[in-house]
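> My questions are about this predicted structure, shown below with the sequence.
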Amino acid sequence: MSAEYLVDGGVAVITLNNPPVNGLGLATRTAAVEGIRKAELDDTVKAIVLTGAGKVFSGGADIREFNSPKALTEPTLHTLIRVAENSTKPVVAAIHGVCMGGGLELALGCNYRVALPGAQVALPEVKLGLVPGAGGTQRLPRVLGLERSLEMIVSGTPVLSDKLAGTALFDEVFPAGTELVPAAVAFARRIADVRPLPKVRDRSVDHPDFEAFLRRSRESVKAMAGPFPAPLACVECVAASVTMPFEDGLKFERERFLQLAQSPESKALRHAFFAERAASKIPDVPADTPTRQITRAAVVGAGTMGGGIAMSFANAGIPVTILEMEQDRLDKGLATIRKNYESTLKKGKLTPEKFDQRMGLITGTLSYKDIAQADIVVEAVFEDMGVKESVFRHLDSVMKPGAILATNTSTLDVNRIAGVTSRPQDVIGTHFFSPANVMKLLEIVRGAQTGKDVLATTMALSKKLKKTGVVSGVCDGFIGNRMLEQYLRQAGFLLDEGALPEQVDQAIEKFGFAMGPYRMSDMAGNDVGWYVRKRRAIEAPDVTYSKTADLLCEQGRFGQKTGAGWYDYVPGDRTPHPSQMVNDMIVNHSKELGIERRAISDQEIVERLVYALVNEGAKILEEGIALRASDIDMVYLTGYGFPLQRGGPMFYADWVGLPRVLASIEKYAEGRNGDAWKPAQLLARLAAEGKGFNS
C-alpha cells in the first residue's frame, strides 16, 4: 500500500506509506491523487490532512525510480501538487521527521502546513547538481522571503521546523510531545470553512532592494560553486520568483531543471549518490546477517594513523585504548590527539563538553593485556609484513574470543597476516586514509576466510564512524593503491620524457583533482613510495618505474616533513615552490637514459594519468577484487581527490566512451614504456559491445 485513507469526524486523513522515507514514487503519487479526489467527492468530508507514515513526512522523489519511465508517468509530482493546490476543500500538510525535496514542494502546494518541532526541512536538489523541479524555487520565497529561501536552496542544508516557526511556511508548529495526526485533524476542523482557500502561489515576494541582493548573491555563489552550474541556476530560479509571474517562474524553473538533468556534472553527482548506497550492499552477505557488538575498541600504534583511527572511534562515542611499546611514543601520540582536538575546540567546531568527552574516551597502555577485552582491535604499525605478523601473533594470544582483528595495511596480503593467527575468520583489513579522523573512505579488505558476520559488522561500524565503507578483495594495494601505482608510474614516465613536476600537477589539478601526484607525494612522504618500490623490485622485478623518485629519496628529499621533496618549502609554510635543483636532476636523468625530451601537452598528461587508473580499475573488476565499477569510483572520490564533477575514473571513462579510451591506451602502448599499457580484457570487450563499466 502506498497511501492509506480514512475519515475522522469530517476530516479525510491521507497517509503516504512508502518506506523508508515515503518517497513520492508512482504508486504513492497515484494513491495520494486518488485520495484527494475521493475526499472531494465525499460530502461528509470538510477538510483533508496529508501526512506520512512512520517517522517522516516525505523525503521527496523515490530514488528507486530515478532515470526510469515511472518518474515521468502520470500522475507526476507536478500533477499531484496541482491536484492538492486546486482542491475545493482545504488540504493541510502535517509534517514530522523529514520534509525534503519533492516532499516540501508537495507541502508548499497544500493550503496549510502544520508541523512537529525537530522536523528537517530542505530542498537538497543542488547536491545532485539540480534545481528543485516542482515549484520549490517559486513557492519557498513566497513564504520565507527572498534571502532565507535562497540560502536554503543554494546550500541544500536542512533547517529544523522550530527554527521556521513564525514564518508563513508553517501555520502552526505544535509543542513537543504533541500527537501529530490528532492535532492536525483538530486544526483542519478549525479552518474547514475558511474561504477563500489560501494558496502559496497567490502570495508575492517582497524585498526592499531585490536587484542589489540578487547581484551580490550571483557574485558570491559564482565564487563558491566551482565547476558546478546548479548553485548559480538556483539563484536564477529564485530570482524568477520576484521578477516573473508565478506560471512563468514555474516554466523557467522546469527548463533549468531539465537542462541540468542532462549536464555531466549532475549525472556525476547522481552517480556518486547511488554509488555510495550501492557500496554497502554485498551480494553474499544479506542485510539481516547477524553482527557482533562493538562497545570497546583498541588501536595498536600511536603514530599519525593510529592516533587518527583512535579519534574516529572516540568521535563515534566508542571507548578506545591505544597500545604502544614505548612510553615516549605513547605520550607523543596522546599529545598529538589532544592538540588536534584543541585546534577544533579553538575553531568553535567542538564544545568544551564534547572535548572532555572525547578525550575521556581515549586511554593509553604499554600492555597487550589491557586491550584483551576490546571488541575490535585495529593494528596501525609500520607497513612491514614481519612487524605486522608479530603484532597479530600477540593479538591472537591475548584477545578475547570473538574479537575482530583488523589490520590497517594499505598494500600487504591480509590472508598472510590472518594466517599467523588461529582465527583467520576474525581477521579483516580496515584501510583508513590519512588523516583517519577526517577522510571519509574506509577500504574494507575481505580475506579468504573472513567471516560474513565480521564483514557485516565492519560495514556497519564504518557507518557509525561516518565513513564510506567499500569492500575490496585481497591483492597488492587493494583497489585504491593498486590503481594509484599505475597512475604514479605514468607520472614518473612523463618526467623522463619531457614534463616537469609542476606541469604534471597543474594539468591534473586543472582537470579537477584536489592535488597532483607530486604535491600529493610530498605531503604523504616520498619515502613511503620508495619503500613500496623496493619491495616491488623483489616481488615483481619485471615492473618498471622511472628512477627519478629514487634519486630524489637518495638525497633525503622526503617531502614536507623534511622541508624538501619534488618542491622546495619555506620553514613553517606548506606552499610548494618549483625546485631548480630537482628540475635539473630530471633533465640530466633523461640525458643519461638517452631520451630526447619533448613538449608534452596537458591533454596527454591527463589522459595518461586518468586512463592508467581506468585500465587498472578494469583489471580489478575482471579479477573480482571490486564488486562493482561504482565501488571503484567511490574509492577515488572519497579517498584520492578525484574530481566529484567527473564522477570517478570508471564513470568518467563511460562518459568519454570506452572505444575512445581504448584507442588512446592502444596508442600509448606503442610508445615508450608501452608494456605498462596492456589493455584490460574487460575494457576491450565492453568497448566492442558498446557498453560502459556502469551500464
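Thanks, I have the structure now.
> For the protein, name the helix or strand with the lowest mean pLDDT.
helix 526-539 (a mean of 83; mean pLDDT, DSSP states H and E).
> next helix or strand past that helix?
Once the chain leaves helix 526-539, the next helix or strand it forms, by DSSP states H and E, is helix 548-554.
> Can you name the residues in contact with stretch 338-347?
G307, M311, L350, T351, P352, F355, R358, M359, N437 (C-beta atoms under 8 Å, 6 or more residues apart in numbering). Heads up, the C-betas are built off the backbone N, CA and C, glycines and all.
> returning to that earlier point: could you name the helices and strands sitting against the least confident helix or strand of the chain?
Helices and strands touching helix 526-539, by 3 or more C-beta pairs under 8 Å, 6 or more residues apart in numbering; DSSP states H and E, are helix 548-554.
> Tell me the buried residues in the helix it packs on?
T548, A549, D550, L552, C553 (16 or more other C-beta atoms under 10 Å).
> tell me what the very next helix or strand once past it is packed against?
Note on helix 548-554: by DSSP H and E, the next helix or strand toward the C-terminus is strand 567-568. In this structure, strand 567-568 makes packing contacts with helix 517-524, strand 577-578, judged by 3+ C-beta pairs under 8 Å, 6+ apart.
> In a markdown table, list the ones you listed along with mean neighbour count, mean pLDDT and distance to G52.
Below are the helices and strands packed on strand 567-568 laid out as a markdown table (neighbours: other C-beta atoms under 10 Å; pLDDT from 0 to 100; distance: least, C-beta to C-beta, whole Å):
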| stretch | mean neighbour count | mean pLDDT | distance to G52 |
| --- | --- | --- | --- |
| helix 517-524 | 23 | 93 | 46 |
| strand 577-578 | 12 | 96 | 57 |
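> Make a markdown table from those and add distance to F170 to it.
Converted to a markdown table, these look like this (distance: least, C-beta to C-beta, whole Å):
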| stretch | distance to F170 |
| --- | --- |
| helix 517-524 | 48 |
| strand 577-578 | 56 |
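> S263: which of those is closest?
For the helices and strands packed on strand 567-568, proximity to S263 was assessed by C-beta to C-beta; helix 517-524 is nearest, at 28.5 Å.
> Which residues does the closest one contact?
Contacts of helix 517-524 (C-beta under 8 Å, 6+ apart): 434, 487-488, 491, 501-502, 504-505, 508, 515, 529, 549, 559-560, 565-567, 569, 574, 576, 609, 641.
> For PyMOL, write a command that selects the buried ones of those residues.
Listed next is the PyMOL selection for buried residues among these, using 16+ other C-beta under 10 Å:
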select buried, resi 434+487+488+491+501+502+504+505+508+515+529+549+559+560+565+566+567+569+576+609+641
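> I'd like to know how many residues surround the residue nearest to R329 when sequence neighbours are not counted.
Using C-beta to C-beta, 6 or more residues apart in numbering and skipping the chain neighbours, the partner closest in space to R329 is A302 (5.7 Å). Using other C-beta atoms under 10 Å, A302 is surrounded by 26 other residues.
> Contacts only, for A302.
A310, I322, L323, E324, R329, L330, K332, G333, L334, G364.
> I'd like the residues you listed laid out as CSV, including pLDDT.
Shown next, in CSV, are the contacts of A302 (pLDDT from 0 to 100):
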residue, pLDDT
A310, 98
I322, 98
L323, 98
E324, 97
R329, 97
L330, 98
K332, 97
G333, 97
L334, 97
G364, 98
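> and which of these is nearest V7?
Checking the contacts of A302 one by one against V7 (C-beta to C-beta), the nearest turns out to be A310, at 57.5 Å.
> so how far is L345 from the closest one?
Separation of A310 from L345 (C-beta to C-beta, to the nearest Å): 17 Å.
> Of the two, give the one with the bigger neighbour count.
Using other C-beta under 10 Å, the more surrounded residue of A310 and L345 is A310, with 31 against 15.
> Phi, psi for the more buried one please.
Torsion angles at A310 (phi, psi; degrees, to the nearest 10) stand at phi -60, psi -40.
> what sits against it?
Per C-beta under 8 Å, 6+ apart, neighbours of A310: A297, V299, A302, V320, I322, I337, I362.
> how does it look with 7 Å?
V299, V320, I322, I337, I362 (C-beta atoms under 7 Å, 6 or more residues apart in numbering).
> The fourth one touches G308, doesn't it?
No. Counting by C-beta atoms under 7 Å, I337 stays clear of G308, with 8.6 Å between them.
> coming back round to it: quick one: the least confident helix or strand of the chain to chain centroid distance?
31 Å (C-alpha atoms, centre = their mean, to the nearest Å).
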